[in-house]
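> test case, fold it:
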Amino acid sequence: MKRSSIEPDEYNSFYHTYLRLIDDEAQLLDSLEKGKELTLRFYGAIPQGKLHYAYAEGKWTVLEVLQHIIDTERIFGYRVLRLARNDRTELPGFEQDDYIKPAMANGRSVDELLDEYTAVRQSTLQLIKGINPESMGFIGRVSGGNLSARAAAFIIVGHEIHHANIVSERYL
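Below is the predicted model:
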C-alpha cells in the first residue's frame, strides 16, 4: 500500500505534518523497515554526551524523544489494530507530555531504548502484515476526528521522520 492511497478525509489535518514527510510512492511495509534501520543507526550514533541534552528549558532530551517515538508507535499500532478490526468505538487522544516523566527515559541507556524500539517496530510490522488491505482502509473516530488504519500506520512513519529532523536540527 502506497502513501498516495490515503485521502485527506482519512485523518485529522494535524497529522499532515507527518504524512507530508513521506513520498507519495512509498510503500508502507518498506517504509517501516527502512525507518527501523535509519532510526537504529541515527540514535545509535548520537554521542553519549548529547543523549541527556535538551535544546531549551522544558524541552525533552534526546533519550526522551526516543521514548516518545516508542510510546507513540505503541499507541498508533493499537489504533491500527482497532481500526482495521472495524471497531466503531471512538478512541481517545493522549497527552504526550504526560508520558515523559513516568517513563524515566533519562535513567535508561540508549541501547535499552533501541532494544525496546526494535521490539515495538517488529510488533507493528507483524500486525500490519496480518491485516488485509481492505481492512486498512476502514475509517473510525479518534480524538474527535476521522482516522483510517492505513493513515495511522503511515503516521508512525512520518512521526519518526519528523523527530529525527528535529533532533538533527536542534540537538546535534
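> show me where the protein has its strands.
Using DSSP state E, the strands of the chain run over 139-142, 145-148.
> just name the most buried of these.
Ranked by mean neighbour count under mean count of other Cβ atoms under 10 Å, those are led by strand 145-148, which reaches a mean of 20. Where C-beta positions appear, they are placed from N, C-alpha and C, glycine not excepted.
> how about it as PDB, C-alpha atoms only?
What follows is strand 145-148, C-alpha atoms only, in PDB (Å, rounded to 0.1, in the frame of the first residue of the first chain):
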ATOM      1  CA  GLY A 145     -11.700  13.200  14.100                       C
ATOM      2  CA  ASN A 146     -11.500  10.600  11.300                       C
ATOM      3  CA  LEU A 147      -8.600   8.200  11.100                       C
ATOM      4  CA  SER A 148      -8.100   5.200   8.900                       C
END
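> just checking: what are the partner strands of it?
In its sheet, strand 145-148 lies beside strand 139-142 (antiparallel), with partners assigned from DSSP bridges.
> hey, C-alpha coordinates of the strand it pairs with in CSV?
Below are the C-alpha coordinates for strand 139-142, written out as CSV (Å, rounded to 0.1, in the frame of the first residue of the first chain):
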residue,chain,number,x,y,z
ILE,A,139,-12.1,4.9,8.9
GLY,A,140,-13.0,5.3,12.6
ARG,A,141,-13.1,8.1,15.1
VAL,A,142,-10.0,9.1,17.1
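> fine by me, we can end here.
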